[in-house]
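1. only geometry, no sequence info:
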């Protein structure tokens, strides 16, 4: 899946360039289109590929969405954390310090598999703080990070969840699924714009 996502990212610009090349070669109004291409392409670039930000994903998820706001504490048992993930159908939880709102790290399904199951440890006697990915090792994004940049970070580092950090701290968390859906939606919208461009809609 990581390879497929990486290929999808790298081929985004190829799709757009291919369509524009198609315009120049086969459209009967090619000379007119080519004369105005730089202006129209610039306009499409402003609203096309790579325009979606992480903040747009958070808005679409909504503040009440469990996937953005679920958390546990460093003192909770791994069993309780995994139980919460299973109940809410999510793959990771934000970890905070007891009695505080500051982020201590995150715990994921991968942490559970590698540090509990594989090592034969007890999830009920092991605390979340003992196996979580600590804050200083977290790979994070901001609300202004472009979605394609976030996808690249996630594929390069082989992670499926990435915390969103703002000026006032933790804002939420997005998954690779959230990012892929946003990119697919953005590319679909861009292809619609390019089609309108071909048909003379610009």
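-> Good, I have the coordinates. Bear in mind the structure is a predicted one, so any value in this text is a computation, not a measurement.
2. Just the pLDDT for the nearest residue to residue 160 once chain neighbours are set aside.
-> Nearest residue to residue 160, sequence neighbours excluded (C-beta to C-beta, 6 or more residues apart in numbering): residue 176, at 4.7 Å. Backbone N, C-alpha and C define where each C-beta goes, glycine included. At residue 176, the pLDDT value in this model is 91.
3. my guess is residue 176 contacts residue 150, does it?
-> No. Using C-beta atoms under 8 Å, residue 176 makes no contact with residue 150, being 9.2 Å away.
4. Tell me which of the two has more neighbours.
-> residue 150 (26 against 19; other C-beta atoms under 10 Å).
5. returning to what we had before: quick one: contacts for the residue nearest to residue 160?
-> 5, 151, 154, 159-161 (C-beta atoms under 8 Å, 6 or more residues apart in numbering).
6. pull the helix or strand with minimum mean pLDDT from the chain.
-> Lowest on mean pLDDT, DSSP states H and E among the helices and strands of the chain sits helix 30-47, with a mean of 38.
7. Mind giving me the packing neighbours of the helix or strand following that helix?
-> Next along the chain after helix 30-47, taking DSSP states H and E as the criterion, comes helix 54-61. Counting contacts by 3 or more C-beta pairs under 8 Å, 6 or more residues apart in numbering; DSSP states H and E, helix 54-61 is packed against helix 66-69, helix 147-156, strand 169-175, helix 176-198.
8. In JSON lines: these, plus distance to residue 115.
-> As requested, these are exported to JSON lines (distance: least, C-beta to C-beta, whole Å):
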{"stretch": "helix 66-69", "distance to residue 115": "23"}
{"stretch": "helix 147-156", "distance to residue 115": "21"}
{"stretch": "strand 169-175", "distance to residue 115": "20"}
{"stretch": "helix 176-198", "distance to residue 115": "21"}
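9. so residue 129 sits in a strand?
-> No. Assignment of residue 129 by DSSP: H, G, I helix; E, B strand; the rest coil gives helix, placing it outside any strand.
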